[in-house]
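Enquirer: the amino acid sequence is not available; the structure is as follows:
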C-alpha cells in the first residue's frame, strides 16, 4: 500500500495520536516513516529584529532537535525504518516541502480541532496541508470522537 509515510509533529498532544497512527501503519506495512517538525520564528517589527530573531532561532531549533531525537528513539522501538527532519519556516510549507523531498506517498497530520474565531485567527496547518498536498492526507483528531 503506502511505502513512505510522513507524519507532521508539533510536540503537542494534537500530533501524539497522529504519530501513533502513522507508526502503527508503517510498522504493519513495513513502510518508511519520516517525522517532520516545522516551526516559525515570530516576525518582529523593529530595527533590532534581526538580532533578536537570531537569538530566538538557535534555542528554538536546538529544543526542537532534542525533542525530535527523543521521539525518534521511542518510535524506533516500534518502527525501525524511521528518520526525522526539523525545519524552520511555516509549518504547512515545511511539511509539504519535506513530503516532496523524501518522496512520501502519504501524509499523516493531527488536528487541534479549533472552531470559530480561534480557527480564523490561528489558521489551520492541517487544512493548508490538505489543500496543497500532492499526496493523500490522513487527518487524525487529537481526541477520538465518541
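Expert: Here it is on my side, so go on. All values reported here derive from a predicted model rather than from experimental measurement.
Enquirer: show me where the chain has helices.
Expert: 13-29, 49-76, 91-102, 116-122, 125-132 (DSSP state H).
Enquirer: how about those helices, which one is nearest residue 138?
Expert: Of all those, helix 13-29 sits nearest to residue 138, with 7.1 Å by Cβ to Cβ. Every residue, glycine included, has its C-beta placed from N, CA and C.
Enquirer: which residues touch the closest one?
Expert: Under the criterion Cβ atoms under 8 Å, 6 or more residues apart in numbering, residues 1-2, 5, 7-9, 31-33, 35, 71, 75, 78-79, 81-82, 106, 108-112, 138, 140-144 lie in contact with helix 13-29.
Enquirer: at 7 Å instead, please
Expert: 1-2, 5, 7-9, 31, 33, 75, 78-79, 81, 108-112, 140, 142 (Cβ atoms under 7 Å, 6 or more residues apart in numbering).
Enquirer: for stretch 65-83, same thing?
Expert: By Cβ under 7 Å, 6+ apart, stretch 65-83 touches 9, 11, 23, 26-27, 32-35, 37, 84, 86.
Enquirer: from these, pick the one nearest residue 93.
Expert: residue 37 (13.1 Å).
Enquirer: lowest confidence element among the helices and strands of the chain?
Expert: helix 116-122 (a mean of 51; mean pLDDT, DSSP states H and E).
Enquirer: let's have the helices of the chain in TSV, adding mean neighbour count.
Expert: Output for those, formatted as TSV (neighbours: other Cβ atoms under 10 Å):
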stretch	mean neighbour count
helix 13-29	19
helix 49-76	13
helix 91-102	19
helix 116-122	9
helix 125-132	18
